[in-house]
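Enquirer: after the sequence you'll find the predicted model.
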Amino acid sequence: MSTTTAVVETAQVNPNLHGFGRMRVDGTDRPFGDFRDDLTRDGFAIVKGAIPKEKAMKYADEMFSWLEGFELGFDRKDLATAHKDKLPLINEKGMCLNYALPHENFVWGVRSEPGVVSAFEKIYDDEDLIVSFDAINFQFPNRTDIAPNKPWPHQDQDPEKHGFRCMQGLVNLLPNGPEDGGLIVCRGGHLLSEQFHKEMADEERIPAWTPEWYGFTERGMKWLDDHGCKWEKLCAEPGDLLLWDSRTPHYNLSPKNSQPRFAIYTCFMPVADATQEDLLRKKDAFDRRVGTTHWPNAKHTGSNVAQRDGEDDPHNRLKPLVDPVLSERAFKLTGIPYIKAQNA
Ligand SMILES: O=C(O)CCC(=O)C(=O)O
Ligand SMILES: [Fe+2]
């Protein structure tokens, strides 16, 4: 798959791209000389040490403490305690969405780390960005209460909307080797996305709760395979930022050995791509300390009411344990300063 293919596709599809796409539209078809070349060619990239390793380990420590802080019996020193009765609600894919977790101070700390923000500033060639209030990922090996999750290959982008639209990211916070679960990506699949959806338009749809999601069926997986796409497990150290184009097919897997997998999703987009209505909805989500999906424009907002077996979890909370103290830079990422006075 050549870079030229990427140039043609992005240029034809969306002439209003920022940064990483716009360079191509302007005809300056030269390599960036950094991770943006990997993104263009492969649809994913790793920014090593976006957060210094020591600091990333401290964030991981805070994540363990947050889990232990529910006082349900989870203990980082005994991973046999990674059981649903001893943990807050975490789904089989490792996502924890409630309890105001997307707004805990340490989560905002990760999102606003300079090495994370600057990667996205480079991608979009824009400093006026907003960030998602996304879930946090805690995956444990050898769980006896839930089965390891099966591959759930998908794209986080509406199959009817082609071209590059959003860059997803996650900060990896624990050592993550080949057997330690985590992100699996389909190399180059972003460039075939439009062709895929044209040729596979009549394929049955796996139910999706948002239009910005597409699940690959067995036939879809065969199509990717027939077109030479290979799946790859990304390995990373604490503090590495994993980036992938929303069109890149991907999924995560549970760890297999003894090492948990912790990640904080950090997805950014230019505020120029959000409407005033989006920003007002995003402000409301911030004020209520609820989450969003990966999409920073907050098309869907979450809730802090986790339910177990149809009952509200008695451990629900509406505010973070440590409410975020935002720097000026971080506050801009909420989108709130971009709300025009007449709308506020
Ligand atoms: O945890 C991961 O590595 C990926 C998660 C993901 O693809 C998603 O939440 O849509
Ligand atoms: Fe995804």
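Expert: Cool, got the structure. Numbering: from 1, shown residues only. Ligands and ions are numbered 1, 2, ... in the order given.

Enquirer: which of the helices and strands in the chain ranks last by mean pLDDT?
Expert: The weakest-scoring helix or strand in the chain, judged by mean pLDDT, DSSP states H and E, is helix 3-13 (a mean of 36).

Enquirer: interface residues of the stretch 151-300 of the chain facing ligand 1?
Expert: Within the stretch 151-300 of the chain, the positions near ligand 1 by Cβ under 6 Å from any ligand atom are D156, L170, G182, L183, H250, N252, A263. Just so you know, the C-beta spots here come from the backbone N, C-alpha and C atoms, and that holds for glycine as well.

Enquirer: pull out the buried residues from those.
Expert: Applying 16 or more other Cβ atoms under 10 Å to these, the neighbour count classes D156, L170, G182, L183, H250, N252, A263 as buried.

Enquirer: circling back to that earlier point, just the residues of the stretch 151-300 of the chain next to ligand 1: which are in strands?
Expert: L170, G182, L183, H250, N252, A263 (DSSP state E).

Enquirer: farthest-separated two in those?
Expert: Maximum pairwise distance in these, criterion Cβ to Cβ, is 12.8 Å, between H250 and A263.

Enquirer: joint contacts of those two?
Expert: L183 (Cβ atoms under 8 Å, 6 or more residues apart in numbering).

Enquirer: for the residues of the stretch 151-300 of the chain next to ligand 1, give me TSV that also has distance to K48.
Expert: Shown next, in TSV, are those (distance: Cβ to Cβ, whole Å):
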residue	distance to K48
D156	24
L170	14
G182	16
L183	15
H250	20
N252	20
A263	16
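
Enquirer: not counting its neighbours along the chain, what's nearest D313?
Expert: A306 (4.3 Å; Cβ to Cβ, 6 or more residues apart in numbering).

Enquirer: for M269, grab phi and psi.
Expert: Per-residue torsions, M269: phi -150, psi 160 (degrees, to the nearest 10).

Enquirer: what sits against the closest residue to it other than its chain neighbours?
Expert: Nearest non-adjacent residue to M269, counting by Cβ to Cβ, 6+ apart: P296, 4.7 Å away. By Cβ under 8 Å, 6+ apart, the residues touching P296 are L129, I130, V131, S132, C166, C267, F268, M269, A274, K282, G335.

Enquirer: turn the residues you listed into TSV, columns for neighbour count.
Expert: Putting the contacts of P296 into TSV (neighbours: other Cβ atoms under 10 Å) gives the following:
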residue	neighbour count
L129	22
I130	27
V131	25
S132	25
C166	20
C267	25
F268	25
M269	24
A274	20
K282	27
G335	26
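
Enquirer: check the residues you listed against E113 and report the nearest one.
Expert: Nearest to E113 among the contacts of P296, with distances taken as Cβ to Cβ, is V131, at 11.2 Å.

Enquirer: name the residue of the stretch 101-250 of the chain that lies nearest to ligand 1.
Expert: L183 (3.5 Å; Cβ to the nearest ligand atom).
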